[in-house]
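**Q** 3D, please:
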Amino acid sequence: MLLWRERVYIPDSITLREEIITKHHDSELAGHPGYTKTYKLITRNYWWPRILEDIKQYVARCERCQATKPNRQPKRNHLHPNKVLQNPWEIVSIDLIGPLPESAGYDRILVIVDHFSKMARYIPINMNITAQGVAKIS
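**A** Numbers count the residues shown, from 1 in each chain. Take a look at the predicted model:
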């Protein structure tokens, strides 16, 4: 028996290594832990090169683990389709582009896009415009 850091060194035998992993992963006492807990259980007593990769591969192939793996993705909301538009300019989006180099006293562009027709209006504006000013322009 060969020891490495007070653990039994397992020779290059796929069947022996898989048997050790099976006993520490599939047993009723172990309860199919993930690869980190299985690694900790095995490395208490055994060691071989690339032990962690072997354990990861075994756990990834374990049918029971894959079937009962919890879903850790956040729950998704139901999709709500957008209202079907009947006429142009029912719903618009407004955006500001800038700051831009000043031209004819303007340094920004107000972009208004109609969702129905995808028509866009581009209006030059100044930096000091207010929300009331945007409402008057549009």
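**Q** Domain-wise, how is the chain divided?
**A** The record, using automatic domain parsing to delimit domains, assigns the chain the ranges 3-67, 92-137.
**Q** Can you say which of the ones you listed is nearest to Pro81?
**A** For Pro81, the closest of the domains of the chain is domain 92-137, at 13.5 Å, according to C-beta to C-beta. Glycine gets a C-beta too; all of them are placed from N, C-alpha and C.
**Q** Check the offset of that closest one from the chain's centre.
**A** 36 Å (C-alpha atoms, centre = their mean, to the nearest Å).
**Q** In JSON lines: the domains of the chain, plus mean neighbour count.
**A** Below are the domains of the chain laid out as JSON lines (neighbours: other C-beta atoms under 10 Å):
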{"stretch": "domain 3-67", "mean neighbour count": "14"}
{"stretch": "domain 92-137", "mean neighbour count": "12"}
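**Q** Save those domains as JSON lines, and put in mean pLDDT and distance to His78 too.
**A** Shown next, in JSON lines, are the domains of the chain (pLDDT from 0 to 100; distance: least, C-beta to C-beta, whole Å):
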{"stretch": "domain 3-67", "mean pLDDT": "87", "distance to His78": "27"}
{"stretch": "domain 92-137", "mean pLDDT": "89", "distance to His78": "22"}
